[in-house]
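K.L.:
can you look at this prediction? I've put the sequence above it.
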Amino acid sequence: MPISSNKVRQSPDGRFLIVGGTYSPRIRCYELSEMSMKFERYLDSEVVDIQILSEDYGKLAILGADRSVSFHAPYGNHSVIRLPTFGRAMAYEKTTCDLLVVSSGKRVSPGAAAAGGQAMGEIYRFNLDEGRFSQPYNFTSALRQKKGVDVDDTRVLQLGGSCIAVSPTHSLSAIGAEDGTVRFWDNRAPVNSSQSDVDLTPFLNLDVASATAGHGFFDENSNSGFPGEVTSICFDASGINMCAGTKGGNVALYDMRSSKPLFIKEHQYGLPIHTVQFHSGSGTVLSSDPKLVKIWNAKGSASSSRGEWNDNDGGSSDSRDDEGVGGALGSIVANVEGTADFNHFMISGDSNDPEGHNSGLLVCTGEQEKLQSFYCPVLGAAPQWCSFLDNITEELEEKDGALDQSAAGDDTGAVQTETVYEDYKFLTRAEIDTLGIQNLVGTPLLRGYMHGFFIHVGLYNRIRAVAKPFEYKEYRSQKIKERMEEKRASRIAPKTNPQKINAKVNPDLADRLQAKSGAKTKAGKAAKSLVEDDRFGGLFSNPDFEIDQEAEDFKLRNPSGVASSKVRNDRDMDSDQEDDDNDDEGDFDASGFTKTSNENEKWGSESDDDDGQNDFHDSDSDEDGFQGGKIRGELYENKRKSSKDKKKKKDAKKKKAKKKKKNVMYEADDYVGGGANAIDIGIGNVSADASKRKKEMSLSMAERLQLQSEESKFVGDTKRLKVTGQGSVKEVTFIPKATRKKLEAQEKAKQEAQKDDRVGRSRRGVKSLGFKTPFKHHQ
C-alpha cells in the first residue's frame, strides 16, 4: 500500500488475499498461487472492515468510514447502501443470509438521560437475499444496572458496539460493546416485524469488564476511555470457547458453559487488543495490540487431545500431548514484534486449509507500506503456496533434535551434532596457502566442502597467532591511527572541493573519471555515476584494487592507454634532455667572463668516454644476428628497447648529479667587453662603451692624460650608482646627459669664436658683406 494497510482477509477457498489500505483508499487482491497482485480498486472512503461473501473474490462487502457499505462484483463496484450511523465492524451470517453491521449507536440528550432515558445501541441487519434492511438488534447500557458503581453520565449518552463475531458451529452472534459487556443473539430464532419483539434483544449478557477489573497495565493518564470496553472477540472452531479482548490490554478466555473466565492474559503495554484468534492445530490463542502479537497456550493439563479444538478433523489420530505445544494454561509460546504498529492480523492458509487451523504463517497489516509476514514453525507447517519456508527451517529443526538427543544421553545425537558446522570456519585454498597449512589437507582437521575447507575455530585461531605474530600490533597501530584521524577531523580544516576524489589508489583513473564526469555525453554520465556511487569507493582506497599498468593483460586490453603513456614518458625524457642541454648552454658564459678548466672536468670526460665505450660494446652487429647467445626476434627487440630507455634515464640522472656536485670557476676579463652582461641594465650602449675603452687603450700616454684632465672638469657633476647584475654588484660613475649636452654646446661656441678671430685678421671678400643675392653685371 502507498501509506498503510488496516484490514486483511483470505477467501474461503484459500486462493486469494484481500487487503484494504490507504492513501488514497483502495483494496488490492493478491493471488497466492502466483504471488502477485490480481487487481486494485479505489474507494471513496477509508476501509473499516471487509467481508468476503463468496468462495473467491467475486462478492465483497466493504464497510466504509462514510456510513456506507459497498458491494463489489468481479467487474467492479455493484451497489452502495447508506447506514443511519457510523459502522465499526461487520460479520456475515450464512444461515439467514444477513449482513450484520455494528454501529456507533444512537445518542441521547443530557436532559433525556437525566429524566431516565437510556442510550440505545443497534446492530443493523441487511438481508442480502431480499435486498433490504431487517429490524436491527438493539440493546441498552448495562452501566446503570451495576450496583455500587459510580457511573459517569457521559458514558450512557451514547452506546455503541465495538466488535462482532459469529460462531462457526451454531448461529450465535456475539457483540462487544463500549460498556464492557458481550451480548449474544440466536439468529435461528424467528423475528417478527414488531418493534417490541423479544428476539431483537440479547438473550444473554456476559460482563467482561467486571471480570478483568484489576488486571492489566492500563494507564488512565496517557490513555482515554473505559479500560473494560470490549474491542475484539472470537470463537474457536468447536464453538465451546470464546476470547474477548479489552481496551485495557487484557484477554479473557471463556468456556461458553461458564460466566467466569478460565484465564486472563495481560499485555504489558496496556494498549487496546484489536484482534484475537484461536489456532486449533496448536491449541493456542493469538492476541495482538499495536506493538506485538502474543501466542499463548489456551490448553491446560485438563485438556485431552487436539480433536477437542477442531471438529473438522473428526478426531484425527495426529494429536499432541495434553498440554498443546507445551506448558501450562496461559504460558507464552512466542511473542511476535514488527517493524511498525499492527492494525490487524490473520493466520493464512491454503486451498486445503482455508481457515489456517494447521498453518504457521501470520500476515499482519500495519502502519507501513508492506504487509508484515511471520512464519512460526511451532504453530504448524507453511501453506502450499509458500512451502519453501519449510526448507529454511529444516536444518534448524534437525539441529534442535540432535541437541535434544545428546542431552538425553543418546550416542546418535552426538554423531549428528558433528554434521553441524557451528564452531567451524570456512577457508579457501588461497587462505590455506597463506597460513601454510597445506600439509593438513586430507586430514580430519580440514574437511573439504565445495571450493574450500572447514577448520575448527580454536585451531584456526592458534594457527593464525603463529603465522601472524604481529597482527595485534598492526591492529593496535591501525586503531590509534583511526582515533588520531577522528581527532583531526574535529579541527578546522581547509576548504576542499567536495566533488574531487581523494584517491589513494589509482589516482590517474580518478583524475580521468573526474574530468569526464562534467561532460553531458554517454561516457560522461557513466563516469559520473561511477564517481558518485559509494559501491565503487574501494577502487580508489583499497590497495587490492590497484591497477598494474605493467601487466601484459592490461596492455593488451588498453593499447591506446599504453601508447599515450609511452608518448607522455618520451616527452618527459625529451624535456629532461632539453633541460640538460639548456643547462649546458645556459651556463654562465657572458662576455667579460671566461670559464676555467679544473680536474673534475677531466675526470668527467673520462667517465663519459667509458660510457661511450660501454655503448660501443653494447652495440650489435646486423651480420651475426646474435647477442649474448640469444637469437634476434620480437622479444629481443622489446628487451633491447626497454634496456635503452632505462640507460637513457640512468645517464640523465648521472648527468644531473655530476652538475650538482661539480664546481665551475669563471675568470673576469678586464678589457674587451668586460662586465658587459654584468652591468647591462639598459643604461646607455654597452658596445659603445667597449669601443671607447678600446680607443683609450690605443692612445698614447700624453693623449690619455689630456683626456683625463678634460673629464676631471665634470667631477662635481659625476653621479654614482650601484648596479646589481647577474653574479656581481658594481658601483658605476656616469655623467648626466644634460651636463654633457651643455659641455658640447660650450665647446661648439668656443670653436666658433676662435674661427671668427681667424676670419677677422684675413682680407675680407664680397661674400663677407652678407648679400642675399650675388651682384650681377649687366651688359
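P.N.:
On my side now, so go ahead.

K.L.:
pull the number of nearby residues for the nearest residue to Pro377 once chain neighbours are set aside.
P.N.:
Closest residue in space to Pro377, ignoring its immediate chain neighbours: Thr393 at 5.0 Å, by C-beta to C-beta, 6 or more residues apart in numbering. Heads up, the C-betas are built off the backbone N, CA and C, glycines and all. For Thr393, the count of nearby residues is 16 (other C-beta atoms under 10 Å).

K.L.:
in three-state terms, label Thr393 for me.
P.N.:
Taken by DSSP: H, G, I helix; E, B strand; the rest coil, the conformation at Thr393 corresponds to helix.

K.L.:
what does Gln706 give?
P.N.:
Relying on three-state DSSP, one would call Gln706 helix.

K.L.:
same check on Ser54?
P.N.:
coil.

K.L.:
what's the pLDDT at it?
P.N.:
With respect to pLDDT, Ser54 scores 93.

K.L.:
neighbours around it, how many?
P.N.:
As a measure of burial, Ser54 has 13 neighbours, counting by other C-beta under 10 Å.

K.L.:
can you list the residues that contact the helix or strand encompassing Phe426?
P.N.:
For Phe426, the host element (DSSP states H and E) is strand 424-428. With contact meaning C-beta atoms under 8 Å, 6 or more residues apart in numbering, strand 424-428 is reached by Leu435, Leu446, Arg447, Tyr449, His451, Gly452, Phe453, Phe454, Ile455, His456, Val457, Tyr460.

K.L.:
least confident of those?
P.N.:
Tyr449 (80).

K.L.:
does the residue nearest to that residue when sequence neighbours are not counted have beta-bridge partners, and which?
P.N.:
With C-beta to C-beta, 6+ apart as the criterion, Tyr449 has its nearest non-adjacent residue at 7.1 Å, and that residue is Phe426. Beta-bridge partners for Phe426, by DSSP bridges, are Phe454.

K.L.:
tell me the pLDDT of Phe426.
P.N.:
pLDDT for Phe426: 89.

K.L.:
that older thread, now the buried members of the contacts of strand 424-428.
P.N.:
Among those, the ones that count as buried by 16 or more other C-beta atoms under 10 Å are Leu435, Leu446, Gly452, Phe453, Phe454, Ile455, Tyr460.

K.L.:
of those, which is the nearest to Arg41?
P.N.:
Arg41 has its nearest neighbour among the buried ones among the contacts of strand 424-428 in Gly452, at 53.4 Å by C-beta to C-beta.

K.L.:
for Gly436, see how far away the closest one is.
P.N.:
16 Å (C-beta to C-beta, to the nearest Å).

K.L.:
how about Asn205, what does it touch?
P.N.:
Ala142, Thr181, Val182, Arg183, Phe184.

K.L.:
after the helix or strand that contains the fourth one, next one along is what?
P.N.:
What it means is Arg183. Assignment of secondary structure by DSSP H and E places Arg183 within strand 181-186. Next in sequence after strand 181-186, counting helices and strands by DSSP H and E, comes strand 204-207.

K.L.:
quick one: mean pLDDT for stretch 244-259?
P.N.:
The average of the pLDDT scores along stretch 244-259 is 93.

K.L.:
please identify the buried residues of it?
P.N.:
Buried, per 16+ other C-beta under 10 Å, within stretch 244-259: Ala244, Gly245, Thr246, Lys247, Gly248, Gly249, Asn250, Val251, Ala252, Leu253, Tyr254, Met256.

K.L.:
and the first one, bridged to which residues?
P.N.:
Right, Ala244. Ile233, Ala252.

K.L.:
ok, it touching Tyr254?
P.N.:
Yes - contact criterion C-beta atoms under 8 Å: Ala244 and Tyr254 qualify, at 7.1 Å.

K.L.:
hang on, the earlier thing: just put the contacts of strand 424-428 in JSON lines and tack on distance to Ala738 and secondary structure.
P.N.:
Below are the contacts of strand 424-428 laid out as JSON lines (distance: C-beta to C-beta, whole Å; DSSP: H, G, I helix; E, B strand; the rest coil):
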{"residue": "Leu435", "distance to Ala738": "95", "secondary structure": "helix"}
{"residue": "Leu446", "distance to Ala738": "105", "secondary structure": "coil"}
{"residue": "Arg447", "distance to Ala738": "108", "secondary structure": "strand"}
{"residue": "Tyr449", "distance to Ala738": "105", "secondary structure": "strand"}
{"residue": "His451", "distance to Ala738": "99", "secondary structure": "coil"}
{"residue": "Gly452", "distance to Ala738": "99", "secondary structure": "strand"}
{"residue": "Phe453", "distance to Ala738": "102", "secondary structure": "strand"}
{"residue": "Phe454", "distance to Ala738": "105", "secondary structure": "strand"}
{"residue": "Ile455", "distance to Ala738": "102", "secondary structure": "strand"}
{"residue": "His456", "distance to Ala738": "106", "secondary structure": "strand"}
{"residue": "Val457", "distance to Ala738": "102", "secondary structure": "helix"}
{"residue": "Tyr460", "distance to Ala738": "99", "secondary structure": "helix"}
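
K.L.:
that older thread, and the strand holding Arg183, what does it pack onto?
P.N.:
strand 172-177, strand 204-207, helix 208-212, strand 230-235 (3 or more C-beta pairs under 8 Å, 6 or more residues apart in numbering; DSSP states H and E).

K.L.:
Met35 is nearest to which of these?
P.N.:
Comparing the helices and strands packed on strand 181-186 by their distance to Met35 (C-beta to C-beta), the top pick is strand 230-235, with 28.2 Å.

K.L.:
now that closest one against strand 181-186, angle please.
P.N.:
Going by axes from the mean of the first three to the mean of the last three C-alpha atoms, to 10 degrees, strand 230-235 is angled at 40 degrees with respect to strand 181-186.
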